[in-house]
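Q: what shape does this take:
(chains A and B)
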Amino acid sequence: MAVVDFKFALEQVPTVLKGVPWTLTIAIVAMLFGLILGLLIALCRIYKLPVLNQLSILYISFIRGTPLIVQLYVFFYGVPVLIDYLNPRLGIQIDADEIPPLLYALVAYTINTAAYQAEIFRSSINATNEGQMEAAYSVGMTTRQGLTRIILPQAFLIALPNLGNVFIGLIKATSLAFAVKVIEVLAISKIIANDGYRFIEMYLVASIIYWFLCLVFEFIFFKLEKRMSRSEARIGLNASA
Amino acid sequence: MSSSLTAWVDIFVRVLDKLPLTLLMTVLSLFFALLIGLGIAIIRIQKYRYIYGVATLYLSFTRSTPLLVQLFLVYFGLPQLLLVFHLDINHWDRLVFAIMAFSFHTGAFMSEVIRSAYLAVGKDQLEAAYSVGMSYPQALRRIILPQAFLISLPNLGNNIIELLKDTSLAFTIGIIDIMGQVRIILGNNHGIGMFQIYVVISLVYWATCIIIESLVGYAEKVFRKGHVGLSK
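A: The predicted model follows:
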């Protein structure tokens, strides 16, 4: 038996590729919901809303202080306990066993990534000049208008490189989804590898797939950044950055 | 109620029992990762021919594949690969493989931390060192690195915390760290009380992270103090 059986590895690529949609679904859905949730949390912290601000600090500290895999397990085993507890009290009948694993993964990854995105938004909103908001007030905009029309477009641009990092981190983090029994790229590779003791081949295939995915998304984010900063360059925001 | 409380305490004690192993993995991996990181950073800063490309490839690979894949590659793949050269490392302890994988992984991130900190110090500092007759190694040791260290501290702290959390993956290759201990407890309990156990373990990680965070914060304060008079 050759050390690395490339023929075998190539033959298995299509099978492993079947896991890519799962990986991307988790990453993209979690990213989108994380954006919304993260933005809300960031606003709670910036405007120091009572109670919500403290809760946000606790939440962010917890998420950043515990490994993702532990969070997945807490969520995966905690939700059925919670449902069992709530069912008789609320008079509802939800069967925890019928919740698909993908849903667990989506919610858990969203909760995880929202904490990181909240910090990114907080720093990028703080990085936009305070005078911008004052200028918005001076032309008669409300706080909400100033935020959505003036601050957020600029903050988003500043946040974009970090958001790209978070997204790539998310793609890699999906390799832990086996913990909630989602069969994605790495899980498939592992199953095949264990079958025939072909560890090098399968893990190489998996790593090349991840590598390729990351390169593609790096490129997309690069293009996005370039495109979005086109209008910014004129007023010299980029020059100072 | 009291019996459930003792159950909680019991789980805590058994999990804390394995905390030293987790910390050992973190500290050893951190040490080797810093060495690797320093080496890669120097290669990338000096732009040594040929190995510059290799270093960049290593960075790209390590940063765009999941740690879990790298862990499996090192643990399952490396022995298989080395057998070709008649090197049998199958009997090595699992811990060695885990530390290898973690060092390899974190080293890439460390090299970027070090590189950015080095570049942030600025060229004029190096020129000033040259102008008083220092050699490059002297300038590096006396002028550049002390300043770069201070700049890199926040990032370094983030990466140490990241590393601590990454060690939670070591159980996948059968190491009995905190997570592995949880597996054993669950096995003995026939899977009862999973939720409590994972809550306990997250509290342990959380507390450890907060301690590391405050240590790094303290270090930042201490080192900054000595530098105020010099740089401003």
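Q: could I get the phi/psi values of residue 132?
A: Using chain A here. Phi and psi for A:Gln132, reported as degrees, to the nearest 10, are phi -60, psi -40.
Q: think we crossed wires, I meant chain B
A: Backbone torsions for B:Val132, taken as degrees, to the nearest 10, come to phi -100, psi 10.
Q: just give me the neighbour total for it.
A: Look at B:Val132: counted by other C-beta atoms under 10 Å in any protein chain shown, it has 9 neighbours. Where C-beta positions appear, they are placed from N, C-alpha and C, glycine not excepted.
Q: contacts only, for it.
A: The contact partners of B:Val132, taken as C-beta atoms under 8 Å, 6 or more residues apart in numbering or on different chains, number zero.
Q: so is the host helix or strand of B:Trp206 next to chain A?
A: B:Trp206 belongs to helix B:194-231 when assigned by DSSP states H and E. Yes: under the criterion of C-beta under 8 Å from any C-beta of the partner chain, chain A is reached by helix B:194-231 at B:Met194, B:Phe195, B:Tyr198, B:Val199, B:Ile201, B:Ser202, B:Tyr205, B:Trp206, B:Cys209, B:Ile210.
Q: any idea of the mean pLDDT in that helix?
A: The average of the pLDDT scores along helix B:194-231 is 82.
Q: for it, list every residue counted as buried.
A: Neighbour-count burial for helix B:194-231 flags B:194-206, B:208-209, B:212-213, B:216 (criterion: 16 or more other C-beta atoms under 10 Å in any protein chain shown).
Q: do the same with stretch A:178-192
A: So for stretch A:178-192, counting by 16+ other C-beta under 10 Å, buried means A:178-180, A:182-190, A:192.
Q: other SSEs contacting the helix holding B:Trp206?
A: helix A:52-65, helix A:68-90, helix B:2-16, helix B:19-46, helix B:145-166, helix B:178-188 (3 or more C-beta pairs under 8 Å, 6 or more residues apart in numbering or on different chains; DSSP states H and E).
Q: and the angle for it with helix B:19-46?
A: Interaxial angle of helix B:194-231 relative to helix B:19-46 (axes from the mean of the first three to the mean of the last three C-alpha atoms, to 10 degrees): 40 degrees.
Q: helix B:194-231: how far from the chain's middle?
A: Its chain's C-alpha centre and that of helix B:194-231 lie 14 Å apart, by C-alpha atoms, centre = their mean, to the nearest Å.
Q: stretch B:146-161 too?
A: The answer for stretch B:146-161 is 12 Å, by C-alpha atoms, centre = their mean.
Q: tell me the mean pLDDT over it?
A: Rounded mean pLDDT across stretch B:146-161 is 89.
Q: and that stretch with chain A, contact?
A: Yes: Stretch B:146-161 reaches chain A (C-beta under 8 Å from any C-beta) through B:Ile161.
Q: now do that stretch: everything it contacts.
A: With contact meaning C-beta under 8 Å, 6+ apart, stretch B:146-161 is reached by A:64-65, B:26, B:30, B:106, B:109-110, B:113-114, B:116-118, B:120-121, B:125, B:209, B:212-213, B:216-217, B:219-220, B:223-224, B:227, B:231.
Q: where does chain B dip in pLDDT?
A: Along chain B, the parts satisfying pLDDT under 70 run over B:1-3, B:190-191, B:225-232.
Q: tell me which parts of it are close to chain A?
A: Residues of chain B lying close to chain A by C-beta under 8 Å from any C-beta are B:60-61, B:63-70, B:72-73, B:76-77, B:80-81, B:83-84, B:161, B:165-166, B:168-169, B:179, B:194-195, B:198-199, B:201-202, B:205-206, B:209-210.
Q: who touches the residue lying closest to B:Ile173 once chain neighbours are set aside in this structure?
A: Nearest residue to B:Ile173 in three dimensions, chain neighbours excluded: B:Tyr75, at 4.6 Å (C-beta to C-beta, 6 or more residues apart in numbering or on different chains). Contact analysis of B:Tyr75 by C-beta under 8 Å, 6+ apart lists B:Arg94, B:Phe97, B:Ala98, B:Ala101, B:Ile173.
Q: gap between B:Tyr75 and B:Leu68?
A: Separation of B:Tyr75 from B:Leu68 (C-beta to C-beta, to the nearest Å): 11 Å.
Q: so for B:Thr62, what's the nearest residue that isn't a sequence neighbour?
A: Nearest one to B:Thr62, counting by C-beta to C-beta, 6+ apart, is B:Ala108 at 3.7 Å.
Q: so which elements touch the helix or strand harbouring A:Asp195?
A: Using DSSP H and E, A:Asp195 maps to helix A:185-196. Applying 3+ C-beta pairs under 8 Å, 6+ apart, one finds that helix A:185-196 makes contact with helix A:6-17, helix A:20-46, helix A:199-228, helix B:67-72.
Q: distance to A:Gln71 for the ones you listed - can I get that in CSV?
A: Output for these, formatted as CSV (distance: least, C-beta to C-beta, whole Å):
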stretch, distance to A:Gln71
helix A:6-17, 26
helix A:20-46, 12
helix A:199-228, 21
helix B:67-72, 15
